[in-house]
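>>> Provided below for reference: sequence and predicted model.
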Amino acid sequence: MVKIAKIIIGLMAAFMLVLIVKDYIQDYKDAYDYELTTNDSNPGDEVLVEIPKDSSAKEIAEILHEKGLIRFERAFVKRLQSSDYRGKLQSGEFVLRKGMNTLEMMEIMSKEDEDSKIIKQLVIPEGYSVDMIAAKCQEEGICDKTEFINAVKSITANDFEYLSDVPSGAEVRYKLEGYLFPATYDISKNTTATDIVKMMLNAFQAYYTGDIKTRALELDMNSYEVLTVASMIEREAKLSHERPMIASVIYNRLNKNMLLQIDSTVLYPMTEGRYDVAELATEDLSLDSPYNTYVYEGLPVGPICNPGLACINAAVNPDDTAYLYYRIVDEEKGEHSFSETFEEHEAVIGGTDTDGDGIADTEPSSGYEDNHAEDEVWSNQTD
């Protein structure tokens, strides 16, 4: 009898458990269906929700669930897909209320904030300096150039870890010079100077990855050194196939402890980053600046512009050459002649070196490069 009683009690317990599970499943289904279909709107606490740009429906549902605004993420996504709001949810900040039905939430999140609408695009060409970008922002009515420069100065390595590559105490014009990635940026009424700077730095971070980082490590260079080389290539090269050739000249001269003698490293400090001087005079070459590679050995103290991806790639992938000199031979095309010896270079220049200092005395520029005309071509190209 005791055994039969235990069996009966076990069956009753199992039956009760089935009923409980069934009720739970039914309650769950009813709650799911209610959230999926209800148009009821009840009072509740307001909740500030921030939807990041390019968020998917699933990601938005996850945010709403975490904020306690919805219970079933799947129900939200399913209702959205069959509603008039499909593909219309916006990014930004929205004030929603607990007790709202999901259609009400979708309606609010589908209303584009007028101040967040894209009103123009800011196009930053390769080779622009911080000062040139600041001037462009002011010319296009996006922000005052002083605001932009102040925003540049306000960013530190705490904001972007890779900026720790900038040497401490470096006597540079701007620590962010070189890192402001040239690209096209969407601008809204809400966009501030700081927003623009951060967009550019985020873009650099997105592109300076993979093979570039690997090659930089192989060359025992950090991002700051790579950008310094790339910035000189950007200001010197106009033809794509010449970028890695000019890179090879730079590295070859560095390896031989030769002065780089690149005119654009004089123009940068002389023009305060504006590159608005067509050509250099002989006396300009003695300008006392840590950027001036006629005066100081090695790389300039920092980048002299913000290079594009092609020149960054050239900086870490130079051609394997023995070239030590180059000179522009076609101003319209921006084509250069490259030489391994000063005698070959002298033949291109047509000058002579009477005092043995490695500079053709009949030329105002160095034996390395007389690119005054090229600087003028660059100015016309980027302005």
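Perfect, thanks for sending it. Since the model is a prediction, treat every value here as computed from it, not as a measurement.
>>> who's in contact with the residue nearest the centre of the chain?
When the chain is reduced to its mean C-alpha position, the nearest residue by CA atoms, centre = their mean turns out to be Ala203, at 2.1 Å. With contacts defined as CB atoms under 8 Å, 6 or more residues apart in numbering, Ala203 is in contact with Phe181, Ala183, Tyr185. Bear in mind the C-beta positions are built from the backbone N, C-alpha and C, glycine included.
>>> mind redoing it with 10 Å?
Applying CB atoms under 10 Å, 6 or more residues apart in numbering to Ala203 gives the contacts Ile124, Tyr179, Leu180, Phe181, Pro182, Ala183, Thr184, Tyr185, Leu309.
>>> around the third one, count how many other residues there are.
Around Leu180 sit 25 other residues, with neighbours defined as other CB atoms under 10 Å.
>>> correct me, but it touches Gln205?
No: in terms of CB atoms under 10 Å, Leu180 does not count as a neighbour of Gln205; the distance is 11.8 Å.
>>> any regions of this structure where pLDDT drops low?
For the chain, residues meeting the criterion pLDDT under 70 lie at 1-3, 5-6, 9-24, 113-116, 351-383.
>>> all helices for it, in order.
Listed in chain order, the helices of the chain (DSSP state H) span residues 2-37, 57-66, 73-81, 102-110, 130-139, 145-154, 193-207, 210-218, 223-236, 243-255, 264-270, 309-316, 342-349, 372-382.
>>> make JSON lines out of the ones you listed and add distance to Glu332.
Conversion of the helices of the chain to JSON lines gives the following (distance: least, CB to CB, whole Å):
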{"stretch": "helix 2-37", "distance to Glu332": "67"}
{"stretch": "helix 57-66", "distance to Glu332": "51"}
{"stretch": "helix 73-81", "distance to Glu332": "57"}
{"stretch": "helix 102-110", "distance to Glu332": "53"}
{"stretch": "helix 130-139", "distance to Glu332": "23"}
{"stretch": "helix 145-154", "distance to Glu332": "32"}
{"stretch": "helix 193-207", "distance to Glu332": "31"}
{"stretch": "helix 210-218", "distance to Glu332": "32"}
{"stretch": "helix 223-236", "distance to Glu332": "16"}
{"stretch": "helix 243-255", "distance to Glu332": "18"}
{"stretch": "helix 264-270", "distance to Glu332": "19"}
{"stretch": "helix 309-316", "distance to Glu332": "21"}
{"stretch": "helix 342-349", "distance to Glu332": "17"}
{"stretch": "helix 372-382", "distance to Glu332": "8"}
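>>> please work out which of those is packed deepest.
Relative to the other members of these, helix 223-236 carries the highest mean neighbour count by mean count of other CB atoms under 10 Å, namely a mean of 27.
>>> which strands or helices does that helix pack on?
In terms of contact count using 3 or more CB pairs under 10 Å, 6 or more residues apart in numbering; DSSP states H and E, helix 223-236 is assigned the packing partners helix 193-207, helix 210-218, helix 243-255, helix 264-270, helix 309-316, helix 372-382.
>>> for that helix, C-alpha coordinates in CSV please.
Included here for helix 223-236 are C-alpha records, laid out as CSV according to Å, rounded to 0.1, in the frame of the first residue of the first chain:
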residue,chain,number,x,y,z
SER,A,223,53.2,55.1,-36.1
TYR,A,224,54.7,58.6,-35.5
GLU,A,225,57.8,57.7,-37.4
VAL,A,226,55.9,56.1,-40.2
LEU,A,227,53.6,59.2,-40.5
THR,A,228,56.6,61.5,-40.6
VAL,A,229,58.1,59.6,-43.6
ALA,A,230,54.7,59.3,-45.2
SER,A,231,54.0,63.1,-44.8
MET,A,232,57.2,63.9,-46.7
ILE,A,233,56.3,61.5,-49.5
GLU,A,234,52.8,63.1,-49.6
ARG,A,235,54.3,66.5,-50.1
GLU,A,236,56.9,65.4,-52.6
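>>> got the angle for that helix vs helix 193-207?
Angle of helix 223-236 versus helix 193-207, following axes from the mean of the first three to the mean of the last three CA atoms, to 10 degrees, is 100 degrees.
>>> starting at the chain centroid, how far to helix 223-236?
In terms of CA atoms, centre = their mean, to the nearest Å, the centre of helix 223-236 is found 15 Å from the chain centre.
>>> run the angle between it and helix 210-218 for me.
In terms of direction (the same axes, to 10 degrees), helix 223-236 departs from helix 210-218 by 110 degrees.
>>> can you tell me how far the closest residue in space to Leu201 that isn't next to it in sequence is from Asn306?
In space, Leu201 comes closest to Phe160 once its chain neighbours are excluded; the distance is 5.3 Å by CB to CB, 6 or more residues apart in numbering. Using CB to CB, to the nearest Å, Phe160 is found at 15 Å from Asn306.
>>> what of Tyr207?
Remark: distance between Tyr207 and Asn306 (CB to CB) = 12 Å.
>>> just Ala170 next, same as before
As judged by CB to CB, Ala170 and Asn306 stand 17 Å apart.
>>> next: Leu219.
For Leu219, the distance to Asn306 under the criterion CB to CB works out to 21 Å.
>>> got it, and Ile108?
Relative to Asn306, Ile108 is positioned 40 Å away (criterion: CB to CB).
>>> next up, phi/psi of the nearest residue to Lys98 once chain neighbours are set aside, please.
Counting by CB to CB, 6+ apart, the nearest residue to Lys98 once its immediate chain neighbours are dropped is Gly44, at 3.2 Å. Main-chain torsions, Gly44, degrees, to the nearest 10: phi -180, psi 170.
>>> ok, Ser240 touching Ala310?
Yes: applying CB under 10 Å as the test, Ser240 and Ala310 come out as touching, 6.4 Å apart.
>>> now for Tyr207 and Asn306: what residues contact both?
By the contact definition CB under 10 Å, 6+ apart, Tyr207 and Asn306 are jointly contacted by Phe181.
>>> ok, back up a step: can you report how many residues lie near the residue nearest to Lys98?
Taking other CB under 10 Å as the criterion, the count of residues near Gly44 is 13.
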